[in-house]
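Visitor: Sequence first, predicted coordinates after that:
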Amino acid sequence: MIMVYLLFAFSVFFIRCFAGYDSRYQKGKYICIKNSFVSKILLDSTSLLERTKRLKKDRNKISLCGIILYIETAVVLFINLAFFIIPDIPTAPWGVETEKFLLYTNTLNEKISAIAIFLLFLSVMGDMGIAIIETSKDTAPKWIKVLVRGVAIFMILIVLLTSIYLLCELFSCFL
């Protein structure tokens, strides 16, 4: 489960990068955070698209995508805290094993927590793919633009298929 919690920390790091609103590159909706201390904690000072400093007027603005990702993070955190309090519920073993990643769970609490963290990580990766597609509009050669968009679409497709699998696993916990 330590690897899963590292995935959670990695997701929060990327959410902090995605959450900031930059008026030079984004034309969507945003919410202005009044407390500057909270905005320094929640938002990164650099722009995701060009890795330059965001404008001073945009430092306290959080994008709609960032709000959704922070709500997902709060839900996952609440699920994990709730399952620390609830006594362990035994279930059939479930696991994920690759060359670099190993996870086995024996209780329903660990399984639901791990799946929730995986789904949060996959939603962050999906948003990263969408950001790659948005930034590839400025790429000069057409063949690079097509290649980058193809890779990003493939990444989003893998994220969707993995999310469907994990949702099926999550619903099978309750059957």
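Guide: That came in fine, so what should we check first? Residues are numbered from 1 along each chain as shown.
Visitor: residue contacts, residue 107?
Guide: Going by C-beta atoms under 8 Å, 6 or more residues apart in numbering, residue 107 touches 88, 89, 90, 91. C-betas here are computed from N, CA, C, even on glycine.
Visitor: In strands, which of those appear?
Guide: Among those, the members found in strands (DSSP state E) are 90, 91.
Visitor: and the residue nearest to the spatial centre of the chain, how far is that from residue 13?
Guide: Centroid-nearest residue in the chain, with C-alpha atoms, centre = their mean: residue 124, separated by 2.3 Å. Per C-beta to C-beta, to the nearest Å, residue 124 is found 9 Å from residue 13.
Visitor: Which strands and helices lie in contact with the lengthiest helix in the chain?
Guide: For the chain, the longest helix by residue count, based on DSSP state H, is helix 142-172. Counting by 3 or more C-beta pairs under 8 Å, 6 or more residues apart in numbering; DSSP states H and E, the packing neighbours recorded for helix 142-172 are helix 108-135.
Visitor: Next, the angle from the helix it packs on to helix 142-172.
Guide: 160 degrees (axes from the mean of the first three to the mean of the last three C-alpha atoms, to 10 degrees).
Visitor: So which bits of helix 108-135 are buried?
Guide: Buried residues in helix 108-135, counted by 16 or more other C-beta atoms under 10 Å: 108-129, 131-133.
Visitor: Tell me the helices and strands packed up against it.
Guide: helix 2-19, helix 64-85, strand 90-97, strand 102-107, helix 142-172.
Visitor: ok, the third one: who's next to it in the sheet?
Guide: Read that as strand 90-97. Here strand 90-97 has these sheet partners by DSSP bridges: strand 102-107 (antiparallel).
Visitor: hmm, back to that, okay if I get the helices and strands packed on helix 108-135 as CSV plus mean pLDDT and distance to residue 46?
Guide: Shown next, in CSV, are the helices and strands packed on helix 108-135 (pLDDT from 0 to 100; distance: least, C-beta to C-beta, whole Å):
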stretch, mean pLDDT, distance to residue 46
helix 2-19, 85, 8
helix 64-85, 90, 14
strand 90-97, 84, 33
strand 102-107, 85, 33
helix 142-172, 88, 21
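Visitor: For residue 26, which of those is the nearest?
Guide: helix 64-85 (9.1 Å; C-beta to C-beta).
Visitor: Using CSV, list the CA coordinates for that closest one.
Guide: Taking Å, rounded to 0.1, in the frame of the first residue of the first chain, the C-alpha atoms of helix 64-85 are listed here in CSV:
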residue,chain,number,x,y,z
LEU,A,64,-12.5,24.7,-13.2
CYS,A,65,-10.4,21.6,-14.0
GLY,A,66,-8.4,22.2,-10.8
ILE,A,67,-11.5,22.5,-8.7
ILE,A,68,-12.8,19.2,-10.0
LEU,A,69,-9.4,17.5,-9.3
TYR,A,70,-9.2,18.9,-5.8
ILE,A,71,-12.8,17.7,-5.1
GLU,A,72,-11.8,14.2,-6.3
THR,A,73,-8.7,14.4,-4.0
ALA,A,74,-10.9,15.3,-1.1
VAL,A,75,-13.2,12.4,-1.8
VAL,A,76,-10.3,9.9,-2.0
LEU,A,77,-8.8,11.3,1.2
PHE,A,78,-12.1,11.0,3.0
ILE,A,79,-12.5,7.4,1.8
ASN,A,80,-9.0,6.5,3.1
LEU,A,81,-9.6,8.2,6.4
ALA,A,82,-13.0,6.5,6.8
PHE,A,83,-11.4,3.1,6.1
PHE,A,84,-8.7,3.7,8.7
ILE,A,85,-11.6,4.0,11.3
